[in-house]
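In: Sequence unavailable; structure follows:
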DNA sequence: TCACTGGGGATTTTT
DNA sequence: TCCCCAGTGA
């Protein structure tokens, strides 16, 4: 039984205890994935359970894939029939089969956040509500909360009738839901809600799935919300063989409605539930683990836990305070360089930050040094305009009543269909209680100018043509047809500039994504492809480039591990993020976030903060994170010795001057740490040598401490200035004078 | 209809 | 700082 090998007693117990509800409280790095995979393997091999009767819910699709693979390796057979995936993808699978029972069409569209925003805007406009008081994103998150609590819009309006603001929110919410239904679309929350609704309303379907899922696993249970909780209860309702795995200290999605009480109350909710604690950490050095414990113990209201390791003490944890983002990035990049020489691989490193916006300075630093990296999240491939446009076409072709997508593409590329024309169509759609697409079918019934009518007709012809083609082509061929026939590609080709070329490349990339999808999926239909595109998580979407440095938010790092971790931007206000109406609870979640970040590290951990952080292009003084203080003597502060400016030295002499080795007219420096700034140097520029004194009107006197020839022929010098504030974001730079 | 412009807001975290 | 949006004029 190779799948029990090397497990500790507790892990083994968790594997063998297959019947009834089981809560596995698994501390960070305690080998929970191993337990789950072994357990599934055990069920299949020893208990003769059909993979088809097992459901495993993970946080990302990638985690599901990996788990499937690991089980397959353990058993030396494929386990394709097993249901593994995220809550959302499981729900889509159920809904695709049965959603017609609750009045939707099975080719429904899944709306992402952007679509949701557009839809909310549409609702606000339609209700004539003052836009200034109702920001789309705020309204949307309000609606999200209501949906999480399964509050009915009408009920919400009634109970808050005297509260003008809330009443309006309710009105928007109500219209929002109405429109979703009309457009045959579901947002992320709806995928869960509608599944629960379907199962509650339809006993036969509920029974079908309850019979099927004899064993149910849920990973990251601490991050489930109320609806997910309900769904799990429904699906595991008959056999009640439910294993959930989680760690309350790693709950970081409270803002998304995750409810810690799901995990805390498990024993109450499920009679006869057993609890197994996994407290031995196999991942991190004891220094790192101690640091994590030191931080998390500041949270009140948590179950005391004793996460321990028999790993060695390991390296001390270093903490460095840098001047600004640029020096922070420079520090990290140089450290990586240094460690690479000591035998680490690029893929050993992760840079973790609190907000995506922080990635920029690191990207610049990596690019300027030609160090390969990958960015998880942030600039998302699928969020690019051109990709969304093409997806817009595909969605309309799959689900023509999806007005949001139709409006997106009807005049993209430009076809002379403007706001006025569109409004006519919408009016007609409203009047006839149908969709904009339907209005296109009945153009004759609508009053339009000749030109508008022609434009609309030719748009309609394009769509009709594509609709005919849809069923006779492979996915990839069809997408190519869409790109060509819609005139989208042509338009880009006409533009013929760098930007349009990148767009074309992205579209080509998208086509190869589709190709890939066809290769890896038996049912490579358009609807499945679109669902896949909508539901892939950020981690899933990032290509598996091996051996590069990884950059991502702390949230994104959940469940991952790296030999070397940099936690950057450890500043109050940034990490922890502090907002006006934050509560103690919010701060505790930030602390758990910090805990998650620390426990990603296996061998080495670096923490950095800056003294000056630029926010909205404005430099702001920053103070070190309170978490740094909580770490006390578990971290070792390293002095930043880079009150040096590195300067790129460009030789501006003419060829003849170079030939005759003559010195010349003003020579320029680029400050690498401030690349836009140019610094002029007097005639002696060419003679710079180590130890030279340099004078700068703002920074005072400095010494040349390093001099090197760059690959591009320029020289690079590093100057140590004696004054502190040298890198304080210079707007304009006065000449440098070289002395001696 | 569309291109241009000025102003204001944005940075939490994501399926 | 940068990006998005609404409003304006041709």
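Out: Done, it's in. Just so we're clear, the structure is a prediction, and the values are computed from it rather than from any experiment.

In: hey, let's count contacts and neighbours off CA atoms from now on
Out: Fine.

In: Which residues of chain A lie near DNA strand C?
Out: Neighbours of DNA strand C within chain A, by Cα under 7 Å from any atom of the strand: A:616, A:617, A:618.

In: 6 Å instead, please
Out: Listed as neighbours of DNA strand C in chain A under the rule Cα under 6 Å from any atom of the strand: A:616, A:617.

In: Would you mind listing what in chain A touches DNA strand B?
Out: The interface of chain A toward DNA strand B, taken as Cα under 6 Å from any atom of the strand, is made up of A:60, A:86, A:88, A:113, A:188, A:255, A:355-357, A:377, A:414-421, A:452, A:535, A:537-539, A:553, A:555-556, A:577, A:615-616.

In: filter those to the buried ones?
Out: A:60, A:86, A:88, A:188, A:355-356, A:377, A:417, A:421, A:452, A:535, A:537-539, A:553, A:555-556, A:577 (16 or more other Cα atoms under 10 Å).

In: Among the residues of chain A next to DNA strand B, which lie within helices?
Out: The members of the residues of chain A next to DNA strand B that map onto helices under DSSP state H are A:88, A:113, A:188, A:419, A:420, A:421, A:452, A:535, A:538, A:539.

In: Quick check: the farthest pair among the residues you listed?
Out: A:452 and A:539 (44.2 Å; Cα to Cα).

In: From DNA strand B, how far off is residue A:104?
Out: Residue A:104 sits 20 Å away from DNA strand B, taking Cα to the nearest atom of the strand, to the nearest Å as the criterion.

In: Which residue is the nearest non-sequential neighbour of that residue?
Out: residue A:184 (6.1 Å; Cα to Cα, 6 or more residues apart in numbering).

In: ditto for residue A:467
Out: With Cα to Cα, 6+ apart as the criterion, residue A:467 has its nearest non-adjacent residue at 6.2 Å, and that residue is residue A:397.

In: For the residue nearest to residue A:104, give me its contacts.
Out: If you count contacts by Cα atoms under 8 Å, 6 or more residues apart in numbering, residue A:184 has them with A:104, A:105, A:107, A:108, A:109, A:399, A:401, A:402.

In: What backbone torsions are found at it?
Out: Per-residue torsions, residue A:184: phi 50, psi 50 (degrees, to the nearest 10).

In: Residue of chain A closest to DNA strand C, please.
Out: Of all residues in chain A, residue A:617 sits closest to DNA strand C, at 3.2 Å by Cα to the nearest atom of the strand.

In: Turn the contacts of residue A:184 into TSV, columns for neighbour count, pLDDT and distance to residue A:470.
Out: TSV is the format used below for those (neighbours: other Cα atoms under 10 Å; pLDDT from 0 to 100; distance: Cα to Cα, whole Å):
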residue	neighbour count	pLDDT	distance to residue A:470
A:104	19	94	22
A:105	18	92	18
A:107	20	91	14
A:108	25	94	17
A:109	25	93	17
A:399	22	93	12
A:401	23	93	17
A:402	27	92	17
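
In: ok, so of those residues, who is nearest residue A:549?
Out: Sorting those by how near they are to residue A:549, with Cα to Cα, puts residue A:109 at the top with 35.4 Å.

In: For that closest one, give the beta-bridge partners.
Out: In this entry, residue A:109 is beta-bridged to residue A:185, by DSSP bridges.

In: Could you list the low-confidence segments of the stretch 401-550 of chain A?
Out: Within the stretch 401-550 of chain A, the stretches falling below the threshold (pLDDT under 70) are A:537-545.

In: the strands in it, which residues?
Out: With strands called from DSSP state E, counting those that start in this stretch, the stretch 401-550 of chain A shows them at A:549-553.

In: and if you look at the stretch 201-350 of chain A?
Out: Counting by DSSP E, counting those that start in this stretch, the stretch 201-350 of chain A has these strands, from start to end: A:215-218, A:242-246, A:274-278, A:317-322, A:349-353.

In: What residue in the stretch 101-250 of chain A comes nearest to DNA strand B?
Out: residue A:188 (5.3 Å).

In: gap between that residue and residue A:144?
Out: 10 Å (Cα to Cα, to the nearest Å).

In: Equivalent analysis for residue A:224, please.
Out: Here residue A:224 is placed at a distance of 15 Å from residue A:144 (Cα to Cα).

In: quick one, which of these two is more surrounded?
Out: Relative neighbour count places residue A:224 above the other of residue A:224 and residue A:144, with 27 against 17, counting by other Cα atoms under 10 Å.

In: isn't that one right up against residue A:255?
Out: No: the pair residue A:224 and residue A:255 fails to qualify as a contact (Cα atoms under 8 Å) at a distance of 11.6 Å.

In: Residue A:552 versus the residue of the stretch 551-700 of chain A found nearest DNA strand B, what's the distance?
Out: For the stretch 551-700 of chain A, the nearest residue to DNA strand B under the criterion Cα to the nearest atom of the strand is residue A:616, separated by 4.3 Å. In this structure, residue A:616 lies at 21 Å from residue A:552, with Cα to Cα as the measure.

In: Output the below-cut-off pLDDT ranges for chain A.
Out: Residue ranges of chain A with pLDDT under 70: A:1, A:378-379, A:537-545, A:641-740.

In: Could you pull up phi and psi at residue A:141?
Out: Backbone torsions of residue A:141, given as degrees, to the nearest 10, read phi -70, psi -30.

In: and the gap between it and residue A:357?
Out: Counting by Cα to Cα, the separation of residue A:141 from residue A:357 is 21 Å.

In: What of residue A:404?
Out: Residue A:404 sits 28 Å away from residue A:357, taking Cα to Cα as the criterion.

In: can the strands of the stretch 201-350 of chain A go into CSV with extra columns for distance to residue A:448?
Out: Shown next, in CSV, are those (distance: least, Cα to Cα, whole Å):
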stretch, distance to residue A:448
strand A:215-218, 56
strand A:242-246, 60
strand A:274-278, 69
strand A:317-322, 64
strand A:349-353, 54
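
In: will you turn the ones you listed into TSV that also has mean neighbour count?
Out: Formatted as TSV, the entries for the strands of the stretch 201-350 of chain A read as follows, by neighbours: other Cα atoms under 10 Å:
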stretch	mean neighbour count
strand A:215-218	24
strand A:242-246	25
strand A:274-278	19
strand A:317-322	20
strand A:349-353	25
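
In: how many neighbours does the nearest residue to residue A:30 once chain neighbours are set aside have?
Out: Leaving aside its sequence neighbours, residue A:30 sits nearest to residue A:281 (Cα to Cα, 6+ apart; 4.5 Å). By the measure other Cα under 10 Å, the count of residues near residue A:281 is 21.

In: so residue A:281 makes contact with residue A:312?
Out: No: when contacts are counted by Cα under 8 Å, residue A:281 is not listed as touching residue A:312 (11.7 Å).

In: on that earlier part again, now do the same contact list for the residue nearest to residue A:467.
Out: Contacts of residue A:397 by Cα under 8 Å, 6+ apart are A:463, A:466, A:467.

In: now residue A:135: how far from residue A:69?
Out: Here residue A:135 is placed at a distance of 44 Å from residue A:69 (Cα to Cα).

In: for residue A:95, that is, sorry about that
Out: In this structure, residue A:95 and residue A:69 are 26 Å apart, going by Cα to Cα.

In: Compare the two (neighbour count), which wins?
Out: Using other Cα under 10 Å as the criterion, residue A:95 and residue A:69 rank with residue A:95 on top: 23 against 18.

In: What helix or strand is that one located in?
Out: Using DSSP states H and E, residue A:95 maps to helix A:87-98.

In: mind listing what's buried in that helix?
Out: A:87, A:88, A:89, A:90, A:91, A:92, A:94, A:95, A:96, A:98.

In: how far out from the middle of the chain is that helix?
Out: How far helix A:87-98 lies from its chain's middle: 22 Å, per Cα atoms, centre = their mean, to the nearest Å.
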